[in-house]
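>>> predicted model, plus sequence, below.
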Amino acid sequence: MPVGFSMVGTLIAVFMLLPSLVFFTWFPPIRVPHGLRESNRIFTILEKAGQVGSLVFLAISKDFFPPSHGSTIVMLLMVVCIVIYYGLWFRYLKDGQSFASLYKPFMIVPIPLAVFPVLAFGFAAWWGQCVWLGVSTALLAIGHWTVSYTIYRQL
């Protein structure tokens with residue numbers, strides 16, 4: 001993997017990070033239940049390692065996203081996941097910033113605000129054929145899905 005600044009990768013990273021920063025900073029959740037049990041600490045560590053790794057590998061992956069034939073479908077799947085992710089954040093606002101809305105199912109997906117960003121990172125790894133982004137995404141999936149599902153079950 002060539003290492004160096006990637007404008008496309010950085011834009012993907014910004015699009016993925018922006019909703020969490022904006023919504024949690026200016027529109028924090030309300031009606032947060034007290035006494036929520038946290039998942040095992042190892043899953044939180046995997047989640048954070050996966051988040052940082054995914055963002056870093058996106059940003060430093062020079063020549064990462066080729067416009068080659070066949071990558072268009074994977075790129076479009078990534079974009080669809082990002083669009084759904086943004087839509088879910090707007091649903092959170094529409095629902096009055098309710099904490100439970102962060103974990104509310106979308107169609108048949110039980111923890112969509114955890115599932116769709118991980119899928120977007122996964123499609124980015126596939127599109128760029130980047131093993132390290134794929135490994136980071138796998139760590140993120142294990143951690144984020146477990147942490148989120150633990151809270152979802154308690155709601």
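Perfect, I can see it now. Residues are numbered from 1 along each chain as shown.
>>> where do the helices sit along the chain?
7-26, 41-59, 71-94, 112-128, 131-154 (DSSP state H).
>>> deepest-packed of those, please.
Most buried of these, by mean neighbour count (mean count of other Cβ atoms under 10 Å): helix 112-128, with a mean of 24. Any C-beta I mention is one placed from the backbone N, CA and C, and that applies to glycine too.
>>> mean confidence (pLDDT) on that helix, please.
Mean per-residue pLDDT for helix 112-128: 95.
>>> now do stretch 135-150
Here the average pLDDT along stretch 135-150 is 97.
>>> put the alpha carbons of that stretch into PDB.
These are the backbone C-alpha positions of stretch 135-150, laid out as PDB (Å, rounded to 0.1, in the frame of the first residue of the first chain):
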ATOM      1  CA  VAL A 135      -8.400  -5.100   9.400                       C
ATOM      2  CA  SER A 136      -9.300  -1.800  11.100                       C
ATOM      3  CA  THR A 137     -12.800  -2.100   9.800                       C
ATOM      4  CA  ALA A 138     -13.100  -5.700  11.200                       C
ATOM      5  CA  LEU A 139     -11.800  -4.400  14.600                       C
ATOM      6  CA  LEU A 140     -14.400  -1.600  14.400                       C
ATOM      7  CA  ALA A 141     -17.100  -4.000  13.500                       C
ATOM      8  CA  ILE A 142     -16.400  -6.400  16.400                       C
ATOM      9  CA  GLY A 143     -16.100  -3.500  18.900                       C
ATOM     10  CA  HIS A 144     -18.800  -1.100  17.700                       C
ATOM     11  CA  TRP A 145     -21.400  -3.700  17.100                       C
ATOM     12  CA  THR A 146     -20.900  -5.400  20.400                       C
ATOM     13  CA  VAL A 147     -20.900  -2.100  22.400                       C
ATOM     14  CA  SER A 148     -24.000  -0.900  20.500                       C
ATOM     15  CA  TYR A 149     -25.800  -4.200  20.700                       C
ATOM     16  CA  THR A 150     -25.200  -4.300  24.500                       C
END
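>>> how far away from the center of its chain is it?
Relative to the centre of its chain, stretch 135-150 is centred 9 Å away, using Cα atoms, centre = their mean, to the nearest Å.
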